[in-house]
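Engineer: got a sequence here, can you build the structure:
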Amino acid sequence: MTRSVLSLRAALLLAAAMLALTACGHRQPAAPAAKPPLATIMLREQIAPRERIWDGTVEAVHQATLSAQTAGRVLELPYDVNDYVPQGAVVVRFTAVEQGAAVNAAQAQVRSAQAAYTDAEAQYQRIAAIYSRRLVSKTQMDQTTAQRDAAKAALDAARANLRQASESANYTVVRAPYSGIVTKRYVQVGEAVQPGQPLISGLSLDQLRVEAQVPQSDVNVIRKFGRAWVLYDGGNKRVEAAKVIVFPYADPATHTFTVRLELPTVETGLNPGEVVKVAFMIGSRPRLLVPDSAIVRRGEIVGVYVVKGDGVMLRQVRLGDRFGLDAEVLAGLAPGEQVAADPGAAMKWLIAQHADGAAGHD
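Structural biologist: Numbering: from 1, shown residues only. This next block holds a predicted model:
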């Protein structure tokens, strides 16, 4: 009886083992992990400028103080400080009583001189016709010619006086030489002004430049390369100068040279009077650059999604200077590594992978 029970138990264990082996033989092998379907960028060192950075001050290329060119009393001041003024707009208007009277007198003088010249010309034509037939003397002909010439000179003088009077009348209306912003007013409505007195100051924001003071030790190399960038928006953006002008003399007190950077006509948000950083090219060296579009910024953390084999991971990096749309990597990456070109797509892929993994465990 006991031997029969043991034989039955051994048979059951053997059957269970065979079923387990059969099940293992029909189990599908695990599929190899797929490479992430992400566009990547292979990092390589690139030759980039070596720079020396100094402070600079933003200036408006067009800035002026308009002064009175005739005497009068201020009648109108349409614009105040910080107002935008279009080109050609009236910024100051004077009373024009005296100037108007001078124009009227000059016009009357022109009419009188014109009548005298017309009469002298007619008299000259009559005498000339008679003189051609030898019916008058040469002396009379010369006198008529001199009278005609004197009348013409008087007419020219009268016309010149009219132009001068008209110009003086035009000076009673002061117009903006270019569009810009009013920065200061020196007179008020009702105030009497004299020629040469300042009236209003303004500047144009359409074209800007930056001036920096650099030590004499850097002047030669700055002049050699002739390239510079203005850093703004906290150093996150830069614009290359359209032209770099190194003044040919130094300040005898500070021994520094003035360097002027003409900025291109692009929107930067800079304003005259601001202090900015100016990066001057003094050479070149290899740098590891990463596109700004591939960088992830989360608070104080700056990183990129590194793609390696079948995995993606967010790696923190330390960035240096910016060069156009690229940023220099100081630490965290090495040449030859690949980073995700689209951080958003990389993050979605990671989330999907974690979701699939969690579902598999369930």
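
Engineer: you'd agree V103 is in a helix?
Structural biologist: Yes: secondary structure assignment (DSSP: H, G, I helix; E, B strand; the rest coil) places V103 inside a helix.

Engineer: for it, which residues are in contact?
Structural biologist: V103 sits next to L162, A165, S166, A169 when contact means Cβ atoms under 8 Å, 6 or more residues apart in numbering. Where you see a C-beta, it was placed from the backbone N, CA and C, and this is true even at glycine.

Engineer: what does the pLDDT read for the last one?
Structural biologist: Reported pLDDT at A169 in the predicted model: 76.

Engineer: can you check the second one too?
Structural biologist: Per-residue confidence (pLDDT) for A165: 78.

Engineer: tell me how many other residues crowd it.
Structural biologist: By other Cβ atoms under 10 Å, 20 other residues sit near A165.

Engineer: before we move on, what about the last one?
Structural biologist: The local packing count at A169 equals 19, with neighbours defined by other Cβ under 10 Å.

Engineer: any weak-confidence spans in the stretch 251-362 of the chain?
Structural biologist: Applying pLDDT under 70 to the stretch 251-362 of the chain flags residues 321, 323-324, 353, 355-362.

Engineer: quick one: the helices in it?
Structural biologist: 343-361 (DSSP state H, counting those that start in this stretch).

Engineer: with distance to V329 added, can I get the contacts of V103 in a markdown table?
Structural biologist: Listed next are the contacts of V103 as a markdown table, based on distance: Cβ to Cβ, whole Å:
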| residue | distance to V329 |
| --- | --- |
| L162 | 74 |
| A165 | 72 |
| S166 | 69 |
| A169 | 68 |
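
Engineer: any chance of these in a markdown table, with secondary structure and distance to P195 too?
Structural biologist: Listed next are the contacts of V103 as a markdown table, based on DSSP: H, G, I helix; E, B strand; the rest coil; distance: Cβ to Cβ, whole Å:
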| residue | secondary structure | distance to P195 |
| --- | --- | --- |
| L162 | helix | 20 |
| A165 | helix | 15 |
| S166 | helix | 17 |
| A169 | helix | 14 |
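
Engineer: nearest residue to the residue most central in space within the chain other than its sequence neighbours?
Structural biologist: Centroid-nearest residue in the chain, with Cα atoms, centre = their mean: V266, separated by 3.5 Å. Distances taken as Cβ to Cβ, 6 or more residues apart in numbering place V239 nearest to V266, at 6.3 Å, with adjacent residues excluded.

Engineer: how close does that neighbour get to A331?
Structural biologist: 27 Å (Cβ to Cβ, to the nearest Å).

Engineer: if I look at A106, what pLDDT would I see?
Structural biologist: At A106, the predicted lDDT confidence score is 83.

Engineer: what do you get for L162?
Structural biologist: For L162, the pLDDT comes out at 84.

Engineer: same question, A20
Structural biologist: Value for A20, per-residue pLDDT: 34.

Engineer: for G273, what are its contacts?
Structural biologist: T57, V58.

Engineer: my read: S204 touches V182, true?
Structural biologist: No: S204 is beyond contact range of V182, at 11.4 Å (criterion: Cβ atoms under 8 Å).

Engineer: mean confidence for stretch 131-150?
Structural biologist: For stretch 131-150, mean pLDDT rounds to 83.

Engineer: got it, and stretch 78-96?
Structural biologist: In this model, stretch 78-96 carries a mean pLDDT of 89.

Engineer: only alpha carbons, please: show that stretch as PDB.
Structural biologist: Provided in PDB are the C-alpha atoms of stretch 78-96 (Å, rounded to 0.1, in the frame of the first residue of the first chain):
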ATOM      1  CA  PRO A  78       2.700 120.300 -29.500                       C
ATOM      2  CA  TYR A  79       5.000 117.600 -28.000                       C
ATOM      3  CA  ASP A  80       6.300 117.000 -24.400                       C
ATOM      4  CA  VAL A  81       9.100 114.900 -23.000                       C
ATOM      5  CA  ASN A  82       8.900 111.200 -24.000                       C
ATOM      6  CA  ASP A  83       6.400 111.800 -26.800                       C
ATOM      7  CA  TYR A  84       7.000 110.200 -30.100                       C
ATOM      8  CA  VAL A  85       7.500 112.700 -33.000                       C
ATOM      9  CA  PRO A  86       7.200 111.700 -36.600                       C
ATOM     10  CA  GLN A  87       9.600 113.200 -39.100                       C
ATOM     11  CA  GLY A  88       8.600 116.600 -40.400                       C
ATOM     12  CA  ALA A  89       6.100 117.200 -37.600                       C
ATOM     13  CA  VAL A  90       5.900 120.700 -36.100                       C
ATOM     14  CA  VAL A  91       7.700 120.700 -32.700                       C
ATOM     15  CA  VAL A  92       7.800 124.500 -32.000                       C
ATOM     16  CA  ARG A  93       5.800 127.400 -33.500                       C
ATOM     17  CA  PHE A  94       6.600 131.100 -33.000                       C
ATOM     18  CA  THR A  95       4.500 134.200 -33.600                       C
ATOM     19  CA  ALA A  96       5.300 135.500 -37.100                       C
END
